[in-house]
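Colleague: Got a sequence here, can you model it:
(one chain, ligands or ions: 1)
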Amino acid sequence: MSRNDLSNLYRQVIMDHYKNPKNKGLIEDTRYKTIHLNNPSCGDDIHVQALIEGEALKDIRHQGSGCSICCASASVMSETLKNHTLKEAKNTIKAFSKMLMNEPYGDVNLEEAVVFQGVSQFPARIKCATLSWKAIESLLDEHK
Ligand code: ZN
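Modeller: Predicted coordinates for the structure are as follows:
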């Protein structure tokens, strides 16, 4: 597959998540921790919820408005990190942000999140792609 085909495929996956987001909509349940973050430079505004049980990230929900990169990234983030341990999730979040900074991220399996690789070429959009990941990271950090 050529580089161009690959970036078309990645764009397609991003648009699919934007149009049909996974795990969208907040849940009214006090066991869920919720955080609200925004990205004024683009107008992205998002709520992210996490259900943590023991050492496992059992569920992730998100709700918000923003550009296609931000909304699609929240959907991909929820699919990528759900049902992983907190430790795995933290490693994946770090690897995702390194990928966007064009830094090597070792052998971490980013699964579908690799589709955001190309965003690293657009510094103004990096915040869009990482907003929901920063949100879930804060929720994990708060959890002791
Ligand atoms: Zn944005």
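
Colleague: Counting by contacts, list what the host helix or strand of K134 packs against.
Modeller: K134 is part of helix 123-142 when elements are defined by DSSP states H and E. In terms of contacts (3 or more C-beta pairs under 8 Å, 6 or more residues apart in numbering; DSSP states H and E), helix 123-142 is packed against strand 32-39, strand 44-53, strand 56-65, helix 68-81, helix 86-100. All C-beta atoms are positioned from the backbone trio N, CA, C, and that covers glycine.

Colleague: Check the ones you listed for me and report the most buried one.
Modeller: Greatest average neighbour count among those goes to helix 68-81 (a mean of 24), per mean count of other C-beta atoms under 10 Å.

Colleague: How much space separates the residue nearest to the spatial centre of the chain from I46?
Modeller: Centroid-nearest residue in the chain: M77, 3.0 Å away (criterion: C-alpha atoms, centre = their mean). As judged by C-beta to C-beta, to the nearest Å, M77 and I46 stand 10 Å apart.

Colleague: which neighbours do these two share?
Modeller: Here M77 and I46 share the contacting residues H62, S132, scored by C-beta atoms under 8 Å, 6 or more residues apart in numbering.

Colleague: tell me how far the helix or strand harbouring N8 is from the chain's mean position?
Modeller: Per DSSP H and E: N8 is located in helix 3-19. Distance of helix 3-19 from its chain centroid, counting by C-alpha atoms, centre = their mean, to the nearest Å, is 16 Å.

Colleague: Pull that helix out as CSV, backbone CA atoms only.
Modeller: Provided in CSV are the C-alpha atoms of helix 3-19 (Å, rounded to 0.1, in the frame of the first residue of the first chain):
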residue,chain,number,x,y,z
ARG,A,3,1.8,6.2,1.6
ASN,A,4,-1.0,8.0,-0.1
ASP,A,5,-3.4,5.1,0.0
LEU,A,6,-2.6,4.7,3.7
SER,A,7,-3.3,8.3,4.5
ASN,A,8,-6.6,8.0,2.6
LEU,A,9,-7.5,4.9,4.6
TYR,A,10,-6.6,6.7,7.8
ARG,A,11,-8.8,9.7,6.8
GLN,A,12,-11.7,7.3,6.1
VAL,A,13,-11.4,5.7,9.5
ILE,A,14,-11.4,9.1,11.2
MET,A,15,-14.5,10.2,9.2
ASP,A,16,-16.2,6.9,10.2
HIS,A,17,-15.6,7.5,13.9
TYR,A,18,-16.7,11.2,13.5
LYS,A,19,-20.0,10.1,11.8
